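S.K.: Okay, sequence plus prediction incoming.
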Amino acid sequence: MGVFSEKYDHVINRAKEALLDAINENGKLCGVSAATPPGAHGDIQHYNQIPVSGPVPWGQGPAILALLEQWRRADEP
């Protein structure tokens, strides 16, 4: 979408590598938190106690969109 300038490419590339590392041998994204209801308890202690699991749709969808955006950026002239 062109939101970030090229000066952030190194950060974007690090995020992409972390995302790819979280995809297991079956192509599933691991390390996604369980459901996080909006507005529920909102403090850091609460969010740090949410179990991590996967795959779940709220992790898979954003991961695919992020990778597609990275692919689109790499394909630009």
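M.R.: Ah, there it is.

S.K.: C-alpha from now on. contacts and neighbour counts both.
M.R.: Noted.

S.K.: Let me see the contact set for the nearest residue in space to residue 23 that is not next to it in sequence.
M.R.: Spatial nearest neighbour of residue 23, excluding adjacent residues (CA to CA, 6 or more residues apart in numbering): residue 29 at 4.3 Å. Counting by CA atoms under 8 Å, 6 or more residues apart in numbering, residue 29 touches 22-23, 54-55, 59-60, 63.

S.K.: can you pull out the strands in this structure?
M.R.: For the chain, strands defined by DSSP state E occupy the ranges 32-33, 52-53.

S.K.: which residues sit against the first one?
M.R.: This means strand 32-33. Strand 32-33 is touched from outside by 50-56, 59, with contacts defined as CA under 8 Å, 6+ apart.

S.K.: pLDDT-wise, what's the bottom of those?
M.R.: Across those, the smallest pLDDT goes to residue 54, namely 69.

S.K.: Sketch out the low-pLDDT regions of the chain for me.
M.R.: For the chain, the stretches with pLDDT under 70 are 1-2, 37-42, 54, 76-77.

S.K.: Go ahead and produce CSV holding the CA coordinates of the longest helix seen in it.
M.R.: In the chain, assigned by DSSP state H, the helix with the most residues is helix 57-75. C-alpha atoms of helix 57-75 as CSV (Å, rounded to 0.1, in the frame of the first residue of the first chain):
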residue,chain,number,x,y,z
PRO,A,57,-7.7,-17.3,11.5
TRP,A,58,-6.8,-14.0,13.1
GLY,A,59,-3.1,-14.9,12.8
GLN,A,60,-3.1,-16.5,9.4
GLY,A,61,-5.0,-13.7,7.5
PRO,A,62,-2.7,-10.8,8.6
ALA,A,63,0.4,-13.0,8.0
ILE,A,64,-0.7,-13.6,4.4
LEU,A,65,-1.5,-9.9,3.9
ALA,A,66,1.9,-8.9,5.3
LEU,A,67,3.8,-11.4,3.0
LEU,A,68,1.8,-10.3,0.0
GLU,A,69,2.6,-6.6,0.7
GLN,A,70,6.3,-7.6,1.0
TRP,A,71,6.1,-9.4,-2.3
ARG,A,72,4.4,-6.5,-4.0
ARG,A,73,7.0,-4.1,-2.7
ALA,A,74,9.8,-6.3,-4.0
ASP,A,75,8.1,-6.4,-7.4
